[in-house]
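J.: sequence first, predicted coordinates after that:
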Amino acid sequence: MTLLYLKTRPMVATVVTAGTVSLLARSLPHQLGLMVAAIAGIAAGLWVEGRQFPRDGGLSRD
């Protein structure tokens, strides 16, 4: 089901990062690993999206 939503690089980065971090952080108490994984996934998605598109919208100001 989740694979149908993976259409852009930021989405792929989010899912891969969150999945990996959730496996690595599974031993944290009170399921804190899931929260850490969610935050890491969101951060990775934002980072990839920021690197993918220019900040000025790609418009030339000449």
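T.: Structure received. Residues are numbered from 1 along each chain as shown.

J.: CA only for contacts and neighbour counts going forward, please
T.: Will do.

J.: okay, the residue nearest the centre of the chain: pLDDT?
T.: Central residue of the chain (CA atoms, centre = their mean): residue 14, 2.4 Å from the mean position. pLDDT for residue 14: 94.

J.: can you say which helix or strand has the residue lying closest to it once chain neighbours are set aside in it?
T.: The shortest distance from residue 14 to any non-neighbouring residue, by CA to CA, 6 or more residues apart in numbering, is to residue 41 (4.3 Å). Element membership of residue 41, judged by DSSP states H and E, is helix 32-52.

J.: for that helix, name the packing helices and strands.
T.: Other helices and strands packing on helix 32-52, by 3 or more CA pairs under 8 Å, 6 or more residues apart in numbering; DSSP states H and E, are helix 9-24.

J.: spit out the contact partners of residue 21.
T.: The contact partners of residue 21, by CA atoms under 8 Å, 6 or more residues apart in numbering, come to 33, 36, 37, 40.

J.: where does pLDDT dip in the protein?
T.: Confidence mapping of the chain against pLDDT under 70 gives the ranges 1-2, 53-62.

J.: tell me what angle the helix holding residue 41 forms with helix 9-24.
T.: If you take axes from the mean of the first three to the mean of the last three CA atoms, to 10 degrees, helix 32-52 sits at 150 degrees to helix 9-24.

J.: roughly how far apart are residue 51 and residue 9?
T.: Distance of residue 51 to residue 9, computed by CA to CA, to the nearest Å: 11 Å.

J.: got it, and residue 15?
T.: Here the criterion is CA to CA. By it, residue 15 lies 10 Å from residue 9.
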